[in-house]
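Peer 1: This is the structure alone, sequence omitted:
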């Protein structure tokens, strides 16, 4: 599933091509995604100019003069710019045709993504209860410590809780916990403020570095320019079960936490 760095990479890739562009037409080939695409999306968006492209958690907000297109890439979706006359393939579900002659094309083999229309995106039911952005000043070790005091759940699913902090998915939670030297099985409430300060710092570093490298290429993800991300080459634990730790040489262990695969180093992480 595309995580925050992949979505931010997409935002940065498509933004220069969308800003100040007038939408000529919206072509919806397959309206049934996770939620149905609004039947009148073409009427609402066509003729309007794109004024901003923002991200909140894993959602993209494409702001027009009146209203906002709220997009989620689901498990296998991508947004990329193509010439408007490029023939559509099987999983190309939506084209937003621009005055420039390009089209923003949404591709999603599994159809778990979303394209919704709203006039108040930050108060939309999908966004209104989200925690702070991990790269913002509002997120730090104090927040993790304060939120964890009565939480007996394991620390890894705790930091993946979008009410605590948004956008820390499976890949980057695994990597940040390794960098902070914290066993992902530890109870959230058992971790000290000092260790949470370290973990918050590592979450910021891991996500910022992943964005710099264009995200992690896993299965279908490509950025807005159609190019893959390269953070996968930097992974220390995710996807490396039974391989030697890059730091100490111990064999990495694979466990299940919250129905998700979790790989950690039994020597480096305590």
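Peer 2: Good, I have the coordinates. For clarity, every value in this text was computed on a predicted model and none was experimentally measured.

Peer 1: Now residue 106, what are its backbone angles?
Peer 2: With angles defined as degrees, to the nearest 10, residue 106 sits at phi -100, psi 120.

Peer 1: wait, isn't residue 91 in contact with residue 108?
Peer 2: Yes - contact criterion CB atoms under 8 Å: residue 91 and residue 108 qualify, at 6.1 Å. Every C-beta, even on glycine, is put in place using the N, C-alpha and C of the backbone.

Peer 1: of these two, who's got more company?
Peer 2: residue 108 (25 against 17; other CB atoms under 10 Å).

Peer 1: Is that one in contact with residue 32, as I believe?
Peer 2: No - Residue 108 is beyond contact range of residue 32, at 10.9 Å (criterion: CB under 8 Å).

Peer 1: Spell out, range by range, the helices that occur in the protein.
Peer 2: All helices of the chain, identified by DSSP state H, fall at 4-18, 41-45, 141-148, 155-159, 170-180, 193-212.

Peer 1: Tell me, how many residues neighbour the residue nearest to residue 195 when sequence neighbours are not counted?
Peer 2: The shortest distance from residue 195 to any non-neighbouring residue, by CB to CB, 6 or more residues apart in numbering, is to residue 182 (6.3 Å). Residue 182 has 23 neighbouring residues, counting by other CB under 10 Å.

Peer 1: so who does residue 182 touch?
Peer 2: Going by CB atoms under 8 Å, 6 or more residues apart in numbering, residue 182 touches 155, 191, 195, 199, 269, 270.

Peer 1: Can you report how many residues neighbour the residue nearest to the last one when sequence neighbours are not counted?
Peer 2: Yep, that's residue 270 we're talking about. The shortest distance from residue 270 to any non-neighbouring residue, by CB to CB, 6+ apart, is to residue 183 (5.6 Å). Counted with other CB under 10 Å, residues neighbouring residue 183 total 17.

Peer 1: Run through the chain and note the low-pLDDT ranges.
Peer 2: 1, 215-233 (pLDDT under 70).

Peer 1: quick one, domains of it?
Peer 2: The chain is divided into the following domains under the TED database: 4-118, 141-264.

Peer 1: My guess is the residue nearest to residue 270 contacts residue 264. True?
Peer 2: Yes - between residue 183 and residue 264 there is a contact at 6.4 Å, judged by CB under 8 Å.

Peer 1: Common neighbours of the two, please.
Peer 2: In terms of CB under 8 Å, 6+ apart, residue 183 and residue 264 are both contacted by the residues residue 177.

Peer 1: what would the domains of the chain look like in a markdown table with distance to residue 130?
Peer 2: Formatted as a markdown table, these follow (distance: least, CB to CB, whole Å):
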| stretch | distance to residue 130 |
| --- | --- |
| domain 4-118 | 5 |
| domain 141-264 | 5 |
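
Peer 1: so which of the helices of the chain comes closest to residue 250?
Peer 2: Residue 250 lies closest, by CB to CB, to one member of these: helix 170-180, at 12.0 Å.

Peer 1: Output the contacting helices and strands for the closest one.
Peer 2: Applying 3 or more CB pairs under 8 Å, 6 or more residues apart in numbering; DSSP states H and E, one finds that helix 170-180 contacts helix 155-159, helix 193-212, strand 260-264.

Peer 1: closest to residue 100 out of the ones you listed?
Peer 2: Closest approach to residue 100 among these (CB to CB): helix 193-212, 25.9 Å.

Peer 1: Can you list the buried residues in the closest one?
Peer 2: Using 16 or more other CB atoms under 10 Å as the burial criterion, the residues of helix 193-212 that qualify are 195-200, 202-204, 206-207, 210-211.

Peer 1: List the contacts of that helix.
Peer 2: Counting by CB under 8 Å, 6+ apart, 4-5, 8-9, 134-135, 139-145, 148, 155, 159, 165, 167-168, 172-173, 175-177, 179-182, 191, 216, 229, 231, 234 sit against helix 193-212.

Peer 1: got it, and stretch 107-114?
Peer 2: By CB under 8 Å, 6+ apart, stretch 107-114 touches 30, 32-35, 70-80, 89, 91-93, 106, 220.

Peer 1: All good on my end, thank you.
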